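J.: return a 3D structure for these sequence lines:
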Amino acid sequence: MSFKIITDSSCNLSEEVIDAKDLQVLSLAYFINDVEYQGYVPGRKFNYDTFYNQLKEKPSVRTSQVTPPQARELIEPIVAEGHDVLYVGFSSGLSGTFSAVLLTLEELKEEYPDRKIFACDTLAASSGQGMLVLEACKHRDEGKTIEEAHAWLEANKLKVCHRLTVDDLWHLHRGGRVSAAKAVMGTMLSIKPILRIDEEGKLVPDGKAKGRKKSLDFLVEKMAEAVDTSASSTVYAVYSADISDAEYLSEQAKAAKPGINTEIMRLEPVIGCHGGPGICALIYVGDNR
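T.: Sure thing, here's the model as predicted:
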């Protein structure tokens, strides 16, 4: 019997893909000046330009994880209908969402002992999480068991590499990633931090560069050193506000590593709140993180 795959809105997959792959999506929330919005709403045409232009004005912004009641509301009817469930979730190193959903899944295991219920903490975010969700779908569609799909995710998730930079340190300061002094000094000197998601799924420093172009070149250099095209030839260039940065990353990545395919993706709003309108990232499969 096939199984249902559940993820959350941080996976950065389009509604077209979500529908085509028969995915169920839990939505994280964000607040701008205390007005609540959902990260994913089926059927909504999201205006990215309006959202990121709002962030440029530096309003009051915060985000909210999925809660256990929200997880139960979506997942229990699926299990009650007789489906097995695989949850492929946002990194526990960046959000409490995975822990909240896992709590619900453990309760459902007791209430529905005949159902197979598995969860994978991807330790990934954005299109990195999305890559793993799509791999789970591939296993399901090829007729693999839920155990086989889960085992593959656990064995391979740390091969998904994320490196990113931001244009404005203010957003990182607000989120507690850099001090106020570093944010002011870095902005004055045009210092751009390079960050990566580490083996614990946390966002950590990975270097710095003077100026935007050099920070983007750094991302390409690291990708060229680590990408494993035998595992996946797709490299995602993820951006928030300025597509020209992602286009530059895409062109430079293909020049640095002939044979790769690049896909340009817009960053969903919940993660976008934390990095601001200047986020740009390369996400790919490598030997390790």
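
J.: please make it C-alpha for all contacts and neighbour counts, starting now.
T.: Noted.

J.: the bottom helix or strand of this structure by mean pLDDT?
T.: helix 180-189 (a mean of 40; mean pLDDT, DSSP states H and E).

J.: distance of residue 210 from residue 278?
T.: 15 Å (Cα to Cα, to the nearest Å).

J.: so what pLDDT did the closest residue to residue 227 other than its chain neighbours get?
T.: Nearest non-adjacent residue to residue 227, counting by Cα to Cα, 6 or more residues apart in numbering: residue 286, 4.2 Å away. Residue 286 is assigned 96 on the pLDDT scale.

J.: picking up where we left off before, the least confident helix or strand of the chain: what's the following helix or strand?
T.: Next helix or strand after helix 180-189 toward the C-terminus (DSSP states H and E): strand 191-197.

J.: okay, now the sheet partners of that next one, with direction.
T.: In the sheet, strand 191-197 lines up against strand 160-165 (antiparallel), strand 203-210 (antiparallel) (DSSP bridges).

J.: put the alpha carbons of stretch 9-18 into CSV.
T.: Presented in CSV, the C-alpha positions along stretch 9-18 are these (Å, rounded to 0.1, in the frame of the first residue of the first chain):
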residue,chain,number,x,y,z
SER,A,9,5.6,25.4,4.2
SER,A,10,9.4,25.8,4.7
CYS,A,11,10.0,23.3,1.9
ASN,A,12,9.8,26.1,-0.7
LEU,A,13,7.8,24.0,-3.2
SER,A,14,5.2,25.6,-5.5
GLU,A,15,1.5,24.8,-5.3
GLU,A,16,1.8,23.1,-8.7
VAL,A,17,4.4,20.7,-7.4
ILE,A,18,2.5,20.2,-4.2
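
J.: give me the buried positions along that stretch.
T.: 9-13, 15, 18 (16 or more other Cα atoms under 10 Å).

J.: can you lay out those residues as TSV showing pLDDT and secondary structure?
T.: Conversion of the buried residues of stretch 9-18 to TSV gives the following (pLDDT from 0 to 100; DSSP: H, G, I helix; E, B strand; the rest coil):
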residue	pLDDT	secondary structure
9	98	helix
10	98	helix
11	98	helix
12	97	coil
13	97	coil
15	96	helix
18	98	helix
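
J.: out of those, which one sits closest to residue 40?
T.: residue 9 (5.6 Å; Cα to Cα).

J.: pretty sure that closest one sits against residue 30.
T.: No. At 11.4 Å, residue 9 does not count as touching residue 30 under the criterion of Cα atoms under 8 Å.

J.: name the residues contacting each of these two.
T.: Common neighbours of residue 9 and residue 30 (criterion: Cα atoms under 8 Å, 6 or more residues apart in numbering): residue 39.

J.: the stretch 1-150 of the chain: strands as residue ranges?
T.: 3-8, 23-26, 29-32, 35-38, 61-64, 84-89, 117-121 (DSSP state E, counting those that start in this stretch).

J.: dump the ones you listed into TSV; add mean neighbour count as well.
T.: Below are the strands of the stretch 1-150 of the chain laid out as TSV (neighbours: other Cα atoms under 10 Å):
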stretch	mean neighbour count
strand 3-8	23
strand 23-26	22
strand 29-32	18
strand 35-38	14
strand 61-64	18
strand 84-89	24
strand 117-121	21
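
J.: where among those strands is average confidence lowest?
T.: strand 61-64 has the lowest average pLDDT among those, namely a mean of 93.

J.: residue 155 is in what secondary structure piece?
T.: Going by DSSP H and E, residue 155 is in helix 146-156.

J.: packing partners for that helix?
T.: strand 84-89, strand 117-121, helix 126-141 (3 or more Cα pairs under 8 Å, 6 or more residues apart in numbering; DSSP states H and E).

J.: now do that helix: distance to the chain's middle.
T.: Here helix 146-156 is found 19 Å from its chain centre; the criterion is Cα atoms, centre = their mean, to the nearest Å.

J.: what's the angle between it and strand 3-8?
T.: 40 degrees (axes from the mean of the first three to the mean of the last three Cα atoms, to 10 degrees).

J.: can you give me the mean pLDDT across helix 146-156?
T.: 98.

J.: show me the contacts for residue 126.
T.: 10-12, 267-268, 271.

J.: what's the domain layout of the protein?
T.: 3-157, 159-285 (automatic domain parsing).

J.: where among those is average confidence lowest?
T.: Among these, domain 159-285 scores lowest, with a mean of 86.
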